[in-house]
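J.: A structural model of the following input is requested.
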Amino acid sequence: MLDNVAPGPDIDALMNDIGRKAKAAARPLGFASTEAKNKALNAMADAILASRAHILAENAKDLKDIEGSETLASFVDRLTLNEKRIAEMAEGIRAIAALADPVGEVIAAWDRPNGLKIERVRTPLGVIGVIFESRPNVTADAGALCLKAGNAVILRCGSDSRRSSQAIHACMVEGLKAAGLPEHAIQLVPVTDRAAVGAMLRGLDGAIDVIVPRGGKSLVARVQTEARVPVFAHLEGLCHIYVDASADLEMAKKIVVNAKMRRTGICGAAETLLVDIAAIGTHLTPLLEVLTDAGCEIRASAAVLKVAPGLKPATEEDWSTEYLDAIISVAVVDGISGAIAHIQKYSSSHTEAVIAEDPGVVERFFTEVDSAILLHNASTQFADGGEFGMGAEIGIATGKMHARGPVGVEQLTSFKYRVRGAGQTRP
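T.: This next block holds a predicted model:
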């Protein structure tokens, strides 16, 4: 069971012990064979499928704990597991096993005039700390991705998903044992006390090399403020869709509804729709209608209200709100220049999409918008490591150092230089 241990020395001692075990596991894992890692991953997938009845039973207990609370439907959706999602979890692990092993990959190689042969080679980061809320599938995704990249991982789930995460974690450990890999390579923090998070942010006495937060704005803000080790994170997903006057209307309608309504609680869900002023007479009303028909509440700018006066007026706060719900802000902008200006002002640099047939508009959007993921004529809900062919992701990074966009196996590595000589000395 995950327990609430009193904060203080007991928590610090527990967490430092977890850190020591992770660091010890990271060394042999860093040069473990591809075959051993893949054997472990496939055994994990098998164990998850074999344990699905137990996982679902534990998930039902987690869901019962939040009954009667004022919880967003999107939060409940993220917490909920079912047969399909468990099957997808197992398939995601197998997809990671099928990926090329990044460890040892030669990224670049060149020869120097003095005969030195230099290679840049991928290496594991070491120990990764993952702090997450409400998504029990992160236990499998993060554990599998870190293992494939040769890293040990310390997982700290939220209290809301503790039973589900523990059931999944047991399957991950079963896979490690089946392949003869260190069982402490994937650890789940056995307490829900928030002091454990603080201990991880302090680095566990040098054991943790990087922190990845997966959760709400308050969690990510705390991590970015308090962490004493590097962080791969995004604070929120303020994703925009710009519909240009050149856009195919039927395509635009389909994409906009999918981007907002497919799953409203994920970070790739669209939160703002921008419509070209030149498309007011052709595109705006049909787009408002399909969103309303899909059950989406619209917060409208003054220009939009002139066309549809019955909508709720947007406030300044709406343009910087990640709703994670069936709500979208809609504004009219002065072409691609206006769209870029709006995105630059309000975006969280996560994901933006342009719907247009004019190649000049698309080129400007791709060149001038500086977000981690940009899409043309496609839904923002494709902002996902699995959809990028990465098998899964440990998160979306919106910073500009090291990792950006979906964080998959390659992003969970660093590199070193190998220099081969034949007796050279430096004059």
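
J.: name the single longest helix found in the protein.
T.: In the chain, with assignment by DSSP state H, the single longest helix is helix 9-30.

J.: can you name the next helix or strand after that one?
T.: Using DSSP states H and E, the next helix or strand after helix 9-30 towards the C-terminus is helix 34-50.

J.: before we move on, the earlier item: what angle separates the longest helix of the chain from helix 34-50?
T.: On the basis of axes from the mean of the first three to the mean of the last three Cα atoms, to 10 degrees, helix 9-30 is oriented at 130 degrees to helix 34-50.

J.: quick check: buried residues in helix 9-30?
T.: Buried residues in helix 9-30, counted by 16 or more other Cβ atoms under 10 Å: 11-12, 14-16, 18-19, 21-26, 29-30. In this view, the C-beta of every residue, glycine as well, is placed from N, C-alpha and C.

J.: how about the most centrally placed residue in the chain, what does it touch?
T.: Central residue of the chain (Cα atoms, centre = their mean): residue 395, 2.0 Å from the mean position. Contacts for residue 395 (Cβ atoms under 8 Å, 6 or more residues apart in numbering) come out as 212, 213, 214, 232, 233, 234, 406, 407.

J.: hmm, try it at 6 Å
T.: 212, 214, 407 (Cβ atoms under 6 Å, 6 or more residues apart in numbering).

J.: same check on residue 213?
T.: By Cβ under 6 Å, 6+ apart, the residues touching residue 213 are 131, 219, 220, 223, 233.

J.: any chance you could map the helices in this structure?
T.: Using DSSP H, helices in the chain cover 9-30, 34-50, 52-65, 73-79, 83-98, 137-148, 162-178, 195-201, 217-226, 249-261, 285-293, 302-307, 335-346, 359-368.

J.: most neighbours per residue, which of these?
T.: Among the helices of the chain, helix 137-148 has the highest mean neighbour count (mean count of other Cβ atoms under 10 Å), at a mean of 28.

J.: can I get the CA coordinates of that helix in CSV?
T.: Extracted as CSV, the C-alpha positions of helix 137-148 are listed here (Å, rounded to 0.1, in the frame of the first residue of the first chain):
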residue,chain,number,x,y,z
ASN,A,137,-0.8,5.1,-17.5
VAL,A,138,2.2,7.3,-17.0
THR,A,139,3.6,4.6,-14.7
ALA,A,140,3.9,2.3,-17.7
ASP,A,141,4.8,4.9,-20.3
ALA,A,142,7.5,6.6,-18.2
GLY,A,143,8.9,3.3,-16.9
ALA,A,144,9.2,1.8,-20.3
LEU,A,145,10.7,4.8,-22.0
CYS,A,146,13.3,5.3,-19.3
LEU,A,147,14.2,1.7,-19.4
LYS,A,148,14.6,1.6,-23.2
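
J.: any weak-confidence spans in the protein?
T.: Along the chain, the parts satisfying pLDDT under 70 run over 1-9, 70, 235, 391.

J.: ok, so of the buried residues of helix 9-30, who is nearest residue 38?
T.: Nearest to residue 38 out of these is residue 29 (Cβ to Cβ; 13.4 Å).

J.: list the contacts for that closest one?
T.: Residues near residue 29 by Cβ under 6 Å, 6+ apart: 150, 152, 185.

J.: go again with 7 Å.
T.: Counting by Cβ atoms under 7 Å, 6 or more residues apart in numbering, residue 29 makes contact with 150, 152, 181, 182, 185.

J.: picking up where we left off before, which of the buried residues of helix 9-30 sit farthest apart?
T.: Farthest apart among the buried residues of helix 9-30 by Cβ to Cβ are 11 and 30. That separation is 28.3 Å.

J.: residues contacting stretch 63-70, please?
T.: 79, 80, 160.

J.: and the closest residue in space to the last one that isn't next to it in sequence, what does it touch?
T.: In this case it means residue 160. Nearest non-adjacent residue to residue 160, counting by Cβ to Cβ, 6 or more residues apart in numbering: residue 134, 5.3 Å away. Neighbour list for residue 134: 75, 78, 79, 158, 160, 161 [criterion: Cβ under 7 Å, 6+ apart].

J.: distance to residue 335 for the residues you listed - can I get that in CSV?
T.: Below are the contacts of residue 134 laid out as CSV (distance: Cβ to Cβ, whole Å):
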residue, distance to residue 335
75, 37
78, 37
79, 42
158, 43
160, 44
161, 44
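
J.: thanks a lot, catch you later.
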